[in-house]
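S.K.: have a look at this prediction, sequence included:
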Amino acid sequence: MRLTLLLLIALTVTVTAKAQLSESADFPGIEVRDGYRLIKAVDGLTFPSAIAASEDGRYWVGESGYNPTSPPNIKQITLPEDGPGTATVIFTPGMVPVGAFLPPLTDIVFNGGLLYVSHRQIGANGWMVGAYSRFDPADPMGTFQTIITNLPSVGDHSNNQLTFGPDGRIYFGQGSATNTGVVGPDNGWIEDAPTFSELAPIDIPLAAQAFTPRVPFPADPDSSAVTAAYRPYNTGAATEGTVVPGATPDNPVNGMIIGTGTVYSFDPDAADVNSTLRLEAWGLRNPFGVAFDSQDSTRLFISNNGSDIRGQAGDPNNPLDPATYVIRGNRPVANDYDDMFDITVGGDVEFFGWPDFFHDPETNVAAGSNDATYCDSPVLTDADCSDFVFAQDFRDGLTVKDAFGAVGPYVSVTGFTTSNSEAFGFVGDLFVTESGSFSPQTGAFSFTGHKLSLFGGQTGEKSDFVVNTGTTAEAIFNPEIFNKPVSAEFIGDRLAIVDLGVVEPGIDLFQSSTGKVWILERDSTVSTRDLTAFGAQVGDIYPNPSRGNATLDLELNRPIDLEVALRDLSGRAVRTVYEGRLGAGFHRLDLSVTNLPNGTYIATVRSGEGLATRRLVIAH
């Protein structure tokens with residue numbers, strides 16, 4: 001059936017070429033997707049981690065307190081169209097009782113007139129525990145209220161970003177205490193919390209297993225301690241079938257009310273908030289970001305940091321040399337990619353495998369931790385392949401959900417957001433920050449990440465959007481450019497990106513006042529014209545998604561020379577559909593997608609006067 005002009009109203013033609021990256025004219029060393037422009041909106045921040053916006057045009061940024069010499073705080077910022085913004089402190093730890101507001105601040109969200117903050121505080125047991133608090137930004141000191149606390153954030157990872165669901169509940173990720181389930185010399189918090197470990201969200205039977213350190217450290221100078229997964233340090237081996245009880249508000253463990261490596265939700269306005277806690281997913285190492293699909297309110301996306309090797313440079317003058325690398329982790333794992341996951345909220349609790357399963361980056365399917373892939377590293381041997389820590393019967397009864405998409409190895413996937421802006425484009429797709437590899441602590445011996453990526457909301461396919469192209473610390477950590485993006489948030493039709501700045505713990509690099517907020521927007525200097533300007537009306541591709549053949553309708557009001565092609569998300573042409581002159585009138589083109597792999601493609605209709613595009617999803 002011929003498509004009508006009603007389907008064409010929103011489509012424009014742009015004289016830019018295929019979707020690709022070009023170096024920013026303003027920030028050398030940074031590449032940006034063609035048709036978009038990167039603006040440094042606010043700088044001079046110290047390790048910022050999150051941004052929040054109100055409906056009436058107020059904006060705030062949270063500084064994480066990432067370095068002990070830089071406490072967390074919240075600043076109100078301006079984002080003027082024609083110049084750099086300002087930042088004014090509105091909330092500091094000194095405004096509330098001692099120990100009530102401690103780092104790291106991992107998120108701020110504005111909802112219902114209040115700012116909600118993810119942070120730590122001193123718990124009833126004297127440890128630093130995770131908490132979510134809220135206050136009116138007009139009166140922070142007078143309205144500050146902790147709504148939930150005693151979350152298990154004393155370990156390596158904390159309570160992370162939060163989002164509000166359509167049901168009014170808060171959904172959040174809780175990081176794991178350790179790298180791969182076992183406390184070891186890499187866990188610097190042992191001396192402050194010697195009885196802490198991974199906390200199970202449900203009752204977990206353990207396999208017979210035990211681990212000993214490879215290196216001495218103050219808590220174990222002769223490297224003789226024996227520790228099992230989900231056990232405090234130096235408490236001995238686990239016997240087959242030993243059950244670790246799940247932590248709940250009714251049955252807390254060490255005062256903690258939830259398990260680690262999890263996603264939970266709760267009702268922030270309930271009289272008894274703890275009683276509303278609901279486990280949504282587990283088997284995650286560090287679920288940092290959470291965000292709902294802008295097209296499906298029952299679908300929650302999760303970003304997750306993969307496990308790593310854990311160690312330190314043996315030669316401070318050559319920190320990325322694997323020959324001198326010192327392994328500190330009790331259960332090292334190589335090549336566990338950072339992933340994106342998705343769950344259906346309100347359904348069954350979903351399991352993602354950690355610490356016994358990781359995901360193949362090509363297939364997104366889970367593989368056991370003893371697979372040779374996960375000990376393939378210049379610093380590991382076959383003997384380092386990790387055995388399972390869950391009892392076999394229990395493990396065999398678990399269903400490990402596939403990953404939605406692989407982000408990359410050692411890239412530190414952090415925050416993300418989904419587009420709902422027709423003006424910005426990519427509606428329903430995810431913009432994901434990769435803050436960087438933390439080399440060499442993670443066992444990575446080159447710098448990876450340091451970019452903003454685009455994920456197809458239906459396909460999980462990844463492409464680059466903003467990239468720091470540096471390969472050395474000097475190039476990547478130029479304080480004037482895009483360094484370590486950690487979260488992203490749409491503000492109207494513009495995308496705000498929060499950049500931690502110059503910080504890389506693995507090489508002991510911390511520079512205050514180098515954090516920034518960037519704005520990414522459509523480039524208004526790129527000229528656009530209505531489709532009729534080059535004599536064509538282009539219909540939608542049908543069917544879409546396509547399992548085999550698909551068609552694209554064109555209607556020309558005059559003869560014109562055209563190239564019609566299918567391209568992947570990087571802009572590479574995978575099939576030329578038509579090239580030559582087409583006469584005036586109606587044309588139906590066969591796109592012939594039968595032999596193309598599943599994924600998202602862009603159909604481009606190009607003349608000498610411009611380019612029109614249509615998106616196609618292939619799902620055989």
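M.R.: Now that the structure is in, tell me what you want to look at.

S.K.: what's the neighbour count on G168?
M.R.: 11 (other C-beta atoms under 10 Å). C-beta here means a position set from N, CA and C on the backbone, and glycine is covered the same way.

S.K.: shouldn't it be within a strand?
M.R.: No. Under DSSP: H, G, I helix; E, B strand; the rest coil, G168 sits outside any strand and is assigned coil.

S.K.: contact partners for it?
M.R.: 267-269 (C-beta atoms under 8 Å, 6 or more residues apart in numbering).

S.K.: list only those of the residues you listed flagged as buried.
M.R.: Among the contacts of G168, those classed as buried by 16 or more other C-beta atoms under 10 Å are 267-268.

S.K.: in JSON lines, list the contacts of G168 along with distance to V400, secondary structure and pLDDT.
M.R.: JSON lines is the format used below for the contacts of G168 (distance: C-beta to C-beta, whole Å; DSSP: H, G, I helix; E, B strand; the rest coil; pLDDT from 0 to 100):
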{"residue": "D267", "distance to V400": "29", "secondary structure": "coil", "pLDDT": "98"}
{"residue": "P268", "distance to V400": "31", "secondary structure": "coil", "pLDDT": "98"}
{"residue": "D269", "distance to V400": "35", "secondary structure": "coil", "pLDDT": "98"}
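
S.K.: can you redo the contacts of G168 as CSV with distance to K75?
M.R.: Formatted as CSV, these follow (distance: C-beta to C-beta, whole Å):
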residue, distance to K75
D267, 29
P268, 24
D269, 27
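
S.K.: now, which of the contacts of G168 sits nearest L45?
M.R.: Minimum distance to L45 across these is 27.5 Å, recorded for P268 (C-beta to C-beta).

S.K.: can I get stretch 354-363 in CSV, CA atoms only?
M.R.: Output of stretch 354-363 as CSV, limited to C-alpha atoms (Å, rounded to 0.1, in the frame of the first residue of the first chain):
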residue,chain,number,x,y,z
TRP,A,354,27.7,-13.5,39.3
PRO,A,355,29.9,-14.8,40.9
ASP,A,356,29.6,-18.2,39.2
PHE,A,357,28.7,-17.1,35.6
PHE,A,358,29.8,-14.4,33.3
HIS,A,359,28.5,-13.5,29.8
ASP,A,360,30.1,-14.1,26.4
PRO,A,361,30.4,-10.7,24.6
GLU,A,362,29.5,-12.2,21.2
THR,A,363,26.4,-14.2,22.2
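
S.K.: mind checking which helix or strand M141 is in?
M.R.: Using DSSP states H and E, M141 sits in helix 140-143.

S.K.: can you show me the CA trace of the helix or strand that that helix is followed by as CSV?
M.R.: Later in the chain than helix 140-143, the nearest helix or strand by DSSP H and E is strand 145-151. Extracted in CSV, the C-alpha atoms of strand 145-151 (Å, rounded to 0.1, in the frame of the first residue of the first chain):
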residue,chain,number,x,y,z
GLN,A,145,15.6,13.1,55.8
THR,A,146,17.2,9.7,55.5
ILE,A,147,14.4,7.4,54.1
ILE,A,148,16.3,4.1,54.1
THR,A,149,19.7,3.1,55.5
ASN,A,150,21.8,0.1,56.7
LEU,A,151,22.5,-1.0,53.1
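
S.K.: given strand 145-151, what are its sheet partners and their directions?
M.R.: Strand 145-151 pairs in its sheet with strand 128-135 (antiparallel), by DSSP bridges.

S.K.: run through who's touching the strand it pairs with.
M.R.: With C-beta under 8 Å, 6+ apart, strand 128-135 has contacts from 91, 100-102, 114-123, 143-154, 158-159, 162, 170, 172, 174, 255-256, 268.

S.K.: that's all I had, so thanks and see you.
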